[in-house]
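Asker: Output the structure for:
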Amino acid sequence: MTDGQQPGGYGYPINQPGYGPQPGYGYPQYPPAEPPAHLGWAIGATILGTLTCMVGSVLGIVSILFGAQVHSKWHSGDFAGAFDASKKAKTWAIAATVANVACAVLAIGYLVVTLTSTSSY
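Answerer: Residues are numbered from 1 along each chain as shown. A predicted model of the protein is given here:
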């Protein structure tokens with residue numbers, strides 16, 4: 001055995017700076033906080049969707065499904081999956097809100113046109 005090598009003969013110097021476990025590398029790095037699930041927004045968009053149009057309601061339900069996955073994925077250690085589910089829940093909640101607003105604007109426009117038009121009966 002030569003000087004500074006391990007008994008296995010692999011050629012790794014021992015007791016040298018820069019070798020072996022480095023400080024801070026042996027422990028998992030956790031993200032700072034659990035991402036938001038956006039469930040309040042998703043539920044509100046779903047309820048509003050039942051009042052305006054079914055498209056917003058269906059998109060809101062998809063948002064609720066993704067939002068419900070955030071907490072369970074976070075606590076099982078799937079941090080990337082939790083952030084991905086949070087992002088998808090937000091995207092679907094935005095889509096549901098846009099669909100609800102578009103349906104409401106179209107409904108109001110239809111009512112205004114219908115009520116202000118003159119009929120020739």
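
Asker: Longest helix in this structure, please.
Answerer: helix 79-116 (DSSP state H).

Asker: give me the number of residues near the closest residue to Gly81 other than its chain neighbours?
Answerer: The shortest distance from Gly81 to any non-neighbouring residue, by C-beta to C-beta, 6 or more residues apart in numbering, is to Lys73 (4.2 Å). No exception for glycine: its C-beta is placed from N, CA and C like everyone else's. For Lys73, the count of nearby residues is 20 (other C-beta atoms under 10 Å).

Asker: tell me which element Lys73 falls in.
Answerer: Using DSSP states H and E, Lys73 maps to helix 54-75.

Asker: If we go by neighbour counts, what in the longest helix of the chain is buried?
Answerer: 79, 82-86, 88-90, 92-93, 95-97, 99-100, 103 (16 or more other C-beta atoms under 10 Å).

Asker: Please apply the same query to stretch 56-75.
Answerer: Under 16+ other C-beta under 10 Å, the buried positions of stretch 56-75 are 56-64, 66-67, 69-71, 73-74.

Asker: ok, so of those residues, who is nearest Ile43?
Answerer: Ile64 (6.4 Å; C-beta to C-beta).

Asker: Not including adjacent chain positions, what is the nearest residue to that closest one?
Answerer: Ile64's closest residue in space is Ala42 (C-beta to C-beta, 6+ apart), at 4.5 Å.

Asker: Look up how far Gly77 lies from the residue most central in space within the chain.
Answerer: Nearest residue to the geometric centre of the chain (C-alpha atoms, centre = their mean): Ser86, 1.5 Å. Ser86 is 16 Å from Gly77, where distance means C-beta to C-beta, to the nearest Å.

Asker: what does Ala68 give?
Answerer: 18 Å.

Asker: Likewise for Cys103?
Answerer: Counting by C-beta to C-beta, the gap from Cys103 to Gly77 is 40 Å.
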